[in-house]
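Visitor: here is my input; please provide its structure:
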Amino acid sequence: MCHACGSPDLTHRQELPRRTLLSLGVGLGAALAAPAGVFAKEKKAKKAPPKPENVLSPDAALARLMEGNERYRKGVAKRHDFIAEREALVGGQNPYAGILSCADSRIGPEYAFDSSRGDLFVVRVAGNFANPDGIASFEYAVEILKTPLLLVLGHDACGAVQSTISSIEDKTTLPGHLPSLVAAIAPAVKAVAGKPGDALENATRENVRLNVEALKAATPLLSAAVEENRVKVVGGIYRLADGRVEIFA
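Guide: Have a look, this model is predicted:
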């Protein structure tokens, strides 16, 4: 008697495993097909941005940035639910703007544009100039995080710019590592030397303009993104008196 099926005929015992294996193969193939589709959907879902509202064109990103600044100026900032945001941002980020800001404690880009966490990719250094580390950071933002807008944000009464003006005019060398800041800001100071108007204001605006151009021209990644209209680079000045951001470059 066959112990596999109970039949008294033992001649089919070699055939049964083949039929069984065939059935198992078909069933296994069907079973694997369903999870494959599920996995594909899960993979696609993982690629979805954590903040879909941040997927914007460069112009729309700039408009949103300035709308936030207007709310900040008027003192009508949105209520930000930081607890709810945590879960969405655990798996990633897709900021809609990158900000090159001065490190001055009076300047807070997240506040100035009434933004939530995950909205702004901020690089800060006294004098808001583009150095290799800052450029690399923005390359990551643009190429990996798909950030569509970069803003160089200067501000009035900038101590780093004023110190550079004084160092050049007085022919003095500042202590410690401060000369590295002077070297980075000096091209702007020298470019507007002797021009009419306030020397500090002129140098501050020129410093922003030069660094906008530096980011636009940064090869190979940022320059290509600008050329392909995947990112816009603009410049502005933050006004301490009223919190207004003036876009001019």
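Visitor: excluding chain neighbours, what is closest to residue 203?
Guide: residue 189 (4.7 Å; C-beta to C-beta, 6 or more residues apart in numbering). Placement of C-beta: from N, CA and C, glycine included.
Visitor: quick one: what helix or strand has the one you found in it?
Guide: helix 178-191 (DSSP states H and E).
Visitor: quick check: buried residues in that helix?
Guide: Residues 181, 182, 184, 185, 186, 187, 188, 189 are the ones in helix 178-191 that count as buried (16 or more other C-beta atoms under 10 Å).
Visitor: now do the next helix-or-strand element following that helix against helix 178-191, angle only.
Guide: As assigned by DSSP H and E, the chain's next helix or strand after helix 178-191 is helix 199-217. Orientation check (axes from the mean of the first three to the mean of the last three C-alpha atoms, to 10 degrees): helix 199-217 against helix 178-191 gives 100 degrees.
Visitor: list the contacts of helix 199-217.
Guide: Residues outside helix 199-217 that contact it (C-beta atoms under 8 Å, 6 or more residues apart in numbering) are 100, 127-130, 135, 138, 150, 152-158, 161-162, 164-165, 185, 187-189, 191-193, 195, 222-223, 226, 233-237, 248-249.
Visitor: now that helix: average pLDDT?
Guide: Averaged across helix 199-217, the pLDDT comes to 98.
Visitor: which other helices and strands contact the next helix or strand after that helix?
Guide: Where DSSP H and E defines the elements, the next helix or strand beyond helix 199-217 is helix 221-227. Counting contacts by 3 or more C-beta pairs under 8 Å, 6 or more residues apart in numbering; DSSP states H and E, helix 221-227 is packed against helix 132-143, helix 199-217, strand 232-238.
Visitor: chain center to the longest one, what's the gap?
Guide: With C-alpha atoms, centre = their mean, to the nearest Å as the basis, the distance from the averaged C-alpha position of helix 199-217 to the chain average is 21 Å.
Visitor: could I get the buried residue list for that helix?
Guide: Quick answer for helix 199-217 (16+ other C-beta under 10 Å): 199-212, 214-216.
Visitor: just the first one next, same as before
Guide: Residues 134, 135, 137, 138, 139, 141, 142 are the ones in helix 132-143 that count as buried (16+ other C-beta under 10 Å).
Visitor: what's the answer for stretch 216-230, then?
Guide: Neighbour counts over stretch 216-230 (16+ other C-beta under 10 Å) mark 216, 218, 221, 222, 225, 226, 230 as buried.
Visitor: again with stretch 67-79
Guide: 68, 69, 72.
Visitor: the contacts of helix 199-217, buried ones only, as a ChimeraX selection?
Guide: Per 16+ other C-beta under 10 Å, the buried members of the contacts of helix 199-217 correspond to this ChimeraX selection:
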select :100,127,128,129,130,135,138,150,152,153,154,155,156,158,161,162,164,165,185,187,188,189,192,222,226,233,234,235,236,237,249
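Visitor: distance check, residue 137 against residue 50.
Guide: The gap separating residue 137 from residue 50 is 19 Å, by C-beta to C-beta, to the nearest Å.
Visitor: still on that earlier bit, nearest to residue 92, of the buried residues of stretch 216-230?
Guide: Checking the buried residues of stretch 216-230 against residue 92 with C-beta to C-beta, the nearest one is residue 230 at 18.9 Å.
Visitor: phi, psi of that closest one?
Guide: Backbone geometry at residue 230, expressed as degrees, to the nearest 10, gives phi -90, psi -20.
Visitor: alright, that wraps it up for me.
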